[in-house]
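A.B. asks: how would this look folded up:
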Amino acid sequence: MNPASDISVIIPLYNKASSIRRTLRSVVEQRVQPREIIVVDDGSTDGSAEIVQSLNAPLVRLLRQQNQGVSAARNRAMAEASGRWVALLDGDDVWEADYLERVESFISAYPDCGAYGMGFWVETDGRRTLGSFPAQEGEVDFFSLSMTRYVLIPSATTLNRELALSLGGFPEGMRMGEDQYLWTKIARSAKVAFAPHAAVVYSRSAENRSAAIYRAEQTAFSFEDLYDVTADDMSNEYVARVALGKALVECVRGGSDAAKRALRFFSYNRLSKRIERKIRLLNALPRGMRGWVYNLYNWLAWAIARKGM
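C.D. replies: Residues are numbered from 1 along each chain as shown. Predicted structure coming up:
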């Protein structure tokens, strides 16, 4: 196997004892090996770090820290990495055996980009479906495409390490939308390339779905910071879409004040009015009813769409 000497793999790890073996196996069995595999254990309490140690996997370097969140773990891994590129992977996702080979080839074809995305499968309770991503290959308009498709998701994204760090890395303390926050800064600073081949399996198993209880974020970062009055592209619309989507989830979980603030600030948007209406409707309901109404709405939308197919 030829080493992909400029690619470091970084894996944030928190309580993934049931999946980290499978994840690491998918990396060490790559046809093209990375320069290194950096796993940052973010204060796991289920023995995840001990599992990584017991595997004695080649190229793996395990770092430990107190629980600080996924952004802090990724930032530490990027700072410790030595590769020019960092391939992101979460502790419950897996790569097909040709993933890094394809990434290396893609970087060679488009060497001046700040981020590279790849197609992906979504695995829910053992069943795979193709993810929602663009059909285009090559350098893409990240903001326009990302309004309706996923161009970058963590486990299918490779970043220019120096660029990502120079932009501040992932926003520490932000528990939702931290990846889109950094994607926005990168796409405003550099080109983004995408390849539609699905070589990643993104897990949506029950254990990694978001918690149902709202907790206010303790962070200095906000999507409001990303509004750019000088922007002449779709980036402000994208920021509003992501921020309102986050506010919708927060509203369902009981975060009424956070939702109201997002509605006020991002009212400039033209393309996310449906999300606004959902937030306003749910915010008018008692907190205990919001999850039920939201799930019912989604089920009805799915049933209507399926009937029309």
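
A.B. asks: From now on I want contacts and neighbour counts done on CA atoms only, so please keep to that.
C.D. replies: Will do.

A.B. asks: Quick one: end-to-end length of stretch 166-179, please.
C.D. replies: Distance across stretch 166-179, first residue to last, is 16 Å (CA to CA, to the nearest Å).

A.B. asks: what domains does the record give for this protein?
C.D. replies: Split into domains by automatic domain parsing, the chain comes to 3-208, 223-308.

A.B. asks: Can you tell me which of these is packed in deepest?
C.D. replies: When the domains of the chain are scored by mean count of other CA atoms under 10 Å, the highest mean neighbour count falls to domain 3-208 (a mean of 19).

A.B. asks: quick revisit: can you redo the domains of the chain as CSV with mean pLDDT and distance to residue 217?
C.D. replies: As requested, the domains of the chain are exported to CSV (pLDDT from 0 to 100; distance: least, CA to CA, whole Å):
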stretch, mean pLDDT, distance to residue 217
domain 3-208, 95, 6
domain 223-308, 88, 10
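
A.B. asks: From residue 270, how far out is residue 281?
C.D. replies: With the distance defined as CA to CA, residue 281 ends up 19 Å from residue 270.

A.B. asks: swap in residue 43?
C.D. replies: The value you get for residue 43 to residue 270, if CA to CA is used, is 42 Å.

A.B. asks: ditto for residue 61
C.D. replies: In terms of CA to CA, residue 61 sits 46 Å off from residue 270.

A.B. asks: swap in residue 105?
C.D. replies: As judged by CA to CA, residue 105 and residue 270 stand 38 Å apart.

A.B. asks: same deal with residue 184?
C.D. replies: Distance from residue 184 to residue 270, by CA to CA: 18 Å.

A.B. asks: is it true that residue 151 touches residue 145?
C.D. replies: Yes - using CA atoms under 8 Å, residue 151 makes contact with residue 145 at a distance of 7.1 Å.

A.B. asks: Spit out the residues that contact the two alike.
C.D. replies: residue 134 (CA atoms under 8 Å, 6 or more residues apart in numbering).

A.B. asks: in the stretch 51-200 of the chain, which spans are strands?
C.D. replies: For the stretch 51-200 of the chain, applying DSSP state E, counting those that start in this stretch gives strands covering 60-65, 85-88, 94-95, 113-124, 127-130, 138-140, 157-160, 191-203.

A.B. asks: among the ones you listed, which is nearest residue 16?
C.D. replies: strand 191-203 (11.9 Å; CA to CA).

A.B. asks: Put the alpha carbons of the helix ranked longest in the chain into PDB.
C.D. replies: The residue-count maximum for a helix in the chain (DSSP state H) belongs to helix 287-308. Included here for helix 287-308 are C-alpha records, laid out as PDB according to Å, rounded to 0.1, in the frame of the first residue of the first chain:
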ATOM      1  CA  ARG A 287     -43.000  23.100  25.400                       C
ATOM      2  CA  GLY A 288     -44.400  19.700  26.200                       C
ATOM      3  CA  MET A 289     -46.400  19.600  22.900                       C
ATOM      4  CA  ARG A 290     -43.700  20.800  20.500                       C
ATOM      5  CA  GLY A 291     -41.900  17.500  19.900                       C
ATOM      6  CA  TRP A 292     -45.200  15.700  19.300                       C
ATOM      7  CA  VAL A 293     -46.500  18.300  16.900                       C
ATOM      8  CA  TYR A 294     -43.200  18.500  15.100                       C
ATOM      9  CA  ASN A 295     -43.000  14.700  14.600                       C
ATOM     10  CA  LEU A 296     -46.600  14.600  13.400                       C
ATOM     11  CA  TYR A 297     -45.900  17.300  10.900                       C
ATOM     12  CA  ASN A 298     -42.900  15.500   9.500                       C
ATOM     13  CA  TRP A 299     -44.800  12.200   9.300                       C
ATOM     14  CA  LEU A 300     -47.600  13.900   7.400                       C
ATOM     15  CA  ALA A 301     -45.200  15.500   5.000                       C
ATOM     16  CA  TRP A 302     -43.500  12.200   4.400                       C
ATOM     17  CA  ALA A 303     -46.800  10.400   3.900                       C
ATOM     18  CA  ILE A 304     -48.000  13.100   1.400                       C
ATOM     19  CA  ALA A 305     -44.800  13.000  -0.500                       C
ATOM     20  CA  ARG A 306     -44.800   9.200  -0.700                       C
ATOM     21  CA  LYS A 307     -48.400   9.100  -1.900                       C
ATOM     22  CA  GLY A 308     -47.500  11.600  -4.700                       C
END
